[in-house]
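Trainee: My questions are about this predicted structure, shown below with the sequence.
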Amino acid sequence: MRPRTSHIILVAATLVAILILAAHATTPILYTAENISTAAHADPATIKKRSPGDAASLIPLMDELLDQTGTLTLTIKLKDYESAERDLAHYTALSNRFDRLVITLDVSDTDIGEFQQMNRQNLDSLTTLLDDSRRLDDLKRLEIEVRGDDGRHTAVVYEGEALRQKMHQGFSTYAERVPAMSRIAENYEINTTTYQESTEHFAEAAEAADTWRKETGGKTPPSPLSINLTPTEGSYGDVIRISGTHLSSKVPVEIYVDSRLAKTTTPDDSGHYVCSYRIGKILAGLHLVYATAGPAYSDVRTFTALPGNTTLTLTLEEVSQATVACTGALMTGDRPVTGAPVVLRLDDTKLIEARTDENGTYTKKIALSAGDHTIRAEFHGAGFPLNPSESETETYHVSGDLPSPLPIIAGTAALLGTVWYLRRRHQREVTPEKARLETAQESPEGEEEKRELPAIDIRGLDPRDAATVLFHALRARLGIPATKTPRDCAEISPAHARFFERYEKIRYAGETPTDEELRWMEGEARGDEHAT
Amino acid sequence: MRSSGGWKEKHEVMNMQRETWALLIILLIASAAAFAHATTTIEEYSRHNIGWNGTSNLGLEEIHDLSKIPTGATLLILAPEKPFTEEEVDCLRALLDGGGEIIIADKEGFVNPLLTALGSPLRVLPGNLSSLERDHADPRIFRARVTGNATLFAGIETLLVNHPAMIQGGVPLLETSLLAWDDTTGDGRPGGTESFKRRAICAREGNITALGDPSLFINAMLPENPELIKNLRGHPVLIDAVHSRTGTRNPIINTLTWIQATPLARAAIAVLAILPVAYLFGRKRE
């Protein structure tokens, strides 16, 4: 095969091989699968092993929360307040754990989120029931002690009446939630018997106030302290005007919302008092309001906090290479929501808490590792008469740290050192003989003559011996080792191949050189340019 | 000077030998690469697909003619994509009447007309079934609980499923937890109109079992559920090669498969391979 033909075939075969491989490069059957998924399924080996949270404990926790209401109401009904305190603490701890789990699992927008809101309201109701039941027992004892003291007795009766009304309202709101909570619980195959029983226990605890009222005469004279609410419903940020009169004195009037002191005001000369209550961090639904002025208790009034929708924004701003500032605002309509917890969900799993200021804005700096990250702000509405909301999911890229220049410098130095070492080693490995050969081959012919050569004298010698002398002379002039045969010499020095081939025939085939050939050979051996 | 030309020729001959070897090696590598590419595929569920989404490691026997199913056999219809003719439905009916079983693994609802034709109340309901109780970031890869008695799931408590479909009707054999939802919005999060509910992924009615996850049989899933595969291999189960997606559209593979299955073709190939060798030997001797 001709060299050119073989080259053409070689190039063609290489091109064909590259084309075949390139055609299949887009369908990497031979490569290891990585992050591969199709419409039908995903390769589980390439999907990150990451659980959204302890989902398995969610339903058992719901079950336990409902059971706890039964236990707590029973101990309250039985007036075992010490046990009730323990049960309430346990119930509170469970509720907090459940709240965290709902946020972690990101299920606020489901019926489990609805269950969580109602459970929070139940916790509030039962906390109030425990306080009211205790106070009722105190009043019962006090009423016996102050019999005969009309003034103090009347005050006790007024407070008892206020308490009775409060407990009845509390029971109504608690009972209203039972069907909805039971429905959700039954969806998750939770037995609601204990929860249903808690309603009966609650009713019996509230009825204790009715029984006492009957025991104390069954009548309560009109209270000297009146109370009115305007309006009786409102959303977050709305103001409820609380007003009334206190006929007997100018003592300060304390306003209680859900048994917690909300405002203190002083009536004017005519005994008229007025104050405002802004709906803030209270749960949506019915709330109880009453006033006290010294021993006087007003009737119990209610207002409804209506749930409102919210909007939440999120903006990411770079602080440093690996830190990002998350800022945004939580609004309901055009009102800012203040002091509200905002959860920043990082990469769908990690939760970071921020809080809104008086303008409804929040800021949180987050340190991020190198790579792409997703961040979403969420408001879960816990404790506010507001519906949950969340921002758009934002992505943020943190570029990896630049590598230290030290390893690069060290690597480059090592590479250069290796190259230098290998070159030196290669040079050393070249044998002196070969070096001489290379020098002989590469040196110009003019320099060959400068080499000190022994004098060539073939006079009087046999032609074949003369040829041998000339062979040795040429071999020495070319610097070819004496161990090399004429054939080796021809291979080493193709320029004198004709001389060596002729000598090979003289030496080994027994041919005798002519005088003319000897002269030519002598010329070659001497390096005569005109030798032919 | 002619002798000098001889040495050059010798050099050229040596160079040519080196080039020939290089050429042969390149051609060998190219041929091997071409053969590897040409005889495999990336088609979903294909038994010729050696990748993660193929069924090359499933190792179940195939049947290419439904009229030849042995009486009392168990037939696995895996991710079917072709409709069943009247005659084929009759064959399946005969199989069921003879005490045989049919396991239909489908997540796209292609088998619903067949189930109707067989008079089964089972239906495959495609969707984005997801679960909150999972170990993977993908909400559609999760563990399902074995809730019914079946040879297929003997000795198994849970199975890792991969983007399964729901099964309606029949007696549930494999179910999600209560915290599963159909992710209609596709955002991977529950909420809105999506409600948590326990769903069946596999159900049985008579001798028909509908499994909403044919992905259980792909190469990547075999190590996840080894007991299931052990049960299948021990049962033994035949795969319907006519309708299942375990075949391929690759003409080279289909030709090779045909040659392997046809004795005459095999003999012809053997003759074609031997003839040039024999010719070369004969020429050398001359």
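Mentor: Noted; the coordinates are in hand. Numbering: from 1, shown residues only, chains lettered A, B, ... in the order given.
Trainee: after the least confident helix or strand in chain B by mean pLDDT comes which helix or strand?
Mentor: Among the secondary structure pieces of chain B, namely its helices and strands, helix B:2-38 has the lowest mean (mean pLDDT, DSSP states H and E), a mean of 68. Elements were assigned by DSSP states H and E; along the chain past helix B:2-38, the next helix or strand is strand B:61-63.
Trainee: Could you tell me the average pLDDT over that following strand, please?
Mentor: For strand B:61-63, mean pLDDT is 91.
Trainee: so which helix or strand takes in the closest residue to residue A:283 other than its chain neighbours?
Mentor: Using CB to CB, 6 or more residues apart in numbering or on different chains and skipping residues adjacent in sequence, the residue nearest residue A:283 is residue A:121, 5.3 Å away. Where C-beta positions appear, they are placed from N, C-alpha and C, glycine not excepted. When secondary structure is defined using DSSP H and E, the element that contains residue A:121 is helix A:111-145.
Trainee: before we move on, what about residue A:289?
Mentor: With DSSP H and E as the test, residue A:289 turns up in strand A:285-293.
Trainee: Which strand or helix spans residue A:242?
Mentor: Taking DSSP H and E as the definition, one finds residue A:242 inside strand A:239-245.
Trainee: Count the residues that sit near the residue in the stretch 301-450 of chain A that chain B sits nearest to.
Mentor: Distance from chain B to each residue of the stretch 301-450 of chain A (CB to the nearest CB) is smallest for residue A:348, at 7.7 Å. Summarising burial for residue A:348: neighbours were counted as other CB atoms under 10 Å in any protein chain shown, giving 15.
Trainee: now swap in residue A:345 and tell me
Mentor: With other CB under 10 Å as criterion, residue A:345 counts 20.
Trainee: again, but for residue A:487
Mentor: Per other CB under 10 Å, the neighbour tally for residue A:487 reads 13.
Trainee: That one and chain B: what is the separation?
Mentor: Counting by CB to the nearest CB, to the nearest Å, the gap between residue A:487 and chain B amounts to 10 Å.
Trainee: can you pull the contacts of that residue?
Mentor: Applying CB atoms under 8 Å, 6 or more residues apart in numbering or on different chains, we find residue A:487 in contact with A:500, A:504.
Trainee: Phi, psi for it please.
Mentor: Its backbone dihedrals place residue A:487 at phi -70, psi -40, with angles given as degrees, to the nearest 10.
Trainee: what do you get for the one 4 residues further on?
Mentor: With angles defined as degrees, to the nearest 10, residue A:491 shows backbone torsions of phi -70, psi -40.
Trainee: Pull out the buried residues from stretch B:194-214.
Mentor: Within stretch B:194-214, the residues that qualify as buried by neighbour count (16 or more other CB atoms under 10 Å in any protein chain shown) are B:194, B:196, B:198-205, B:207-214.
Trainee: Please apply the same query to stretch A:319-333.
Mentor: Of the residues in stretch A:319-333, A:324, A:326, A:327, A:328, A:329, A:330, A:331, A:332 count as buried by neighbour count, 16+ other CB under 10 Å.
Trainee: Out of the residues you listed, flag the one nearest to residue A:9.
Mentor: residue A:324 (60.4 Å; CB to CB).
Trainee: Quick check, residue A:106 in contact with residue A:343.
Mentor: No - counting by CB atoms under 8 Å, residue A:106 sits too far from residue A:343 to count as a contact (9.7 Å).
Trainee: overlap in contacts of the two?
Mentor: Residues within reach of residue A:106 and of residue A:343 at once, by CB under 8 Å, 6+ apart, are residue A:378.
Trainee: ok, back up a step: among the buried residues of stretch B:194-214, name the ones in strands.
Mentor: Of the positions in the buried residues of stretch B:194-214, B:200, B:201, B:202, B:203, B:204, B:205, B:208, B:209, B:210, B:211 sit in strands, assigned by DSSP state E.
Trainee: Name the residue in residue A:106 and residue A:343 with the higher neighbour count.
Mentor: Relative neighbour count places residue A:106 above the other of residue A:106 and residue A:343, with 25 against 19, counting by other CB under 10 Å.
Trainee: Nearest spatial neighbour of that one, chain-adjacent residues omitted?
Mentor: Closest residue in space to residue A:106, ignoring its immediate chain neighbours: residue B:189 at 5.7 Å, by CB to CB, 6+ apart.
Trainee: Wait, a helix at the one you found?
Mentor: No - note on residue B:189: no helix contains this position according to DSSP: H, G, I helix; E, B strand; the rest coil, which reports coil.
Trainee: Can you name the residues that contact it?
Mentor: For residue B:189, the set of contacting residues under the criterion of CB under 8 Å, 6+ apart consists of A:106, A:109, B:183.
Trainee: Sort out which one of these lies nearest residue B:223 for me.
Mentor: Top of the list for closeness to residue B:223, among these and by CB to CB, is residue B:183 at 26.5 Å.
Trainee: didn't the closest one look like it was pressed against residue B:132?
Mentor: No - applying CB under 8 Å, one finds residue B:183 not in contact with residue B:132, separated by 11.1 Å.
Trainee: For residue 176, the count of nearby residues, please.
Mentor: As the question left the chain open, I've gone with chain A. When neighbours are defined as other CB under 10 Å, residue A:176 has 13 of them.
Trainee: was after chain B, sorry
Mentor: Each residue near residue B:176 was counted by other CB under 10 Å, and the total is 26.
Trainee: now the residue nearest to it when sequence neighbours are not counted: how far from chain A?
Mentor: With sequence-adjacent residues excluded and distances taken as CB to CB, 6+ apart, residue B:176 is closest to residue B:199, at 4.8 Å. Relative to chain A, residue B:199 is positioned 13 Å away (CB to the nearest CB).
Trainee: repeat for residue B:253
Mentor: In this structure, residue B:253 and chain A are 12 Å apart, going by CB to the nearest CB.
Trainee: Quick one: distance of stretch A:44-53 to the chain centre.
Mentor: From the chain centre to the centre of stretch A:44-53 is a distance of 13 Å (CA atoms, centre = their mean, to the nearest Å).
Trainee: For that stretch, report the contacting residues that lie outside it.
Mentor: Defining contact as CB under 8 Å, 6+ apart, one finds that stretch A:44-53 is touched by A:33-37, A:101, A:104-106, A:348-349, B:52, B:132, B:134-139, B:141, B:160, B:162, B:220-221, B:224.
Trainee: Give me the buried entries from those residues.
Mentor: Members of the contacts of stretch A:44-53 classed as buried by 16+ other CB under 10 Å are A:33, A:36-37, A:101, A:104-106, B:52, B:132, B:134, B:136-139, B:141, B:160, B:162, B:220-221, B:224.
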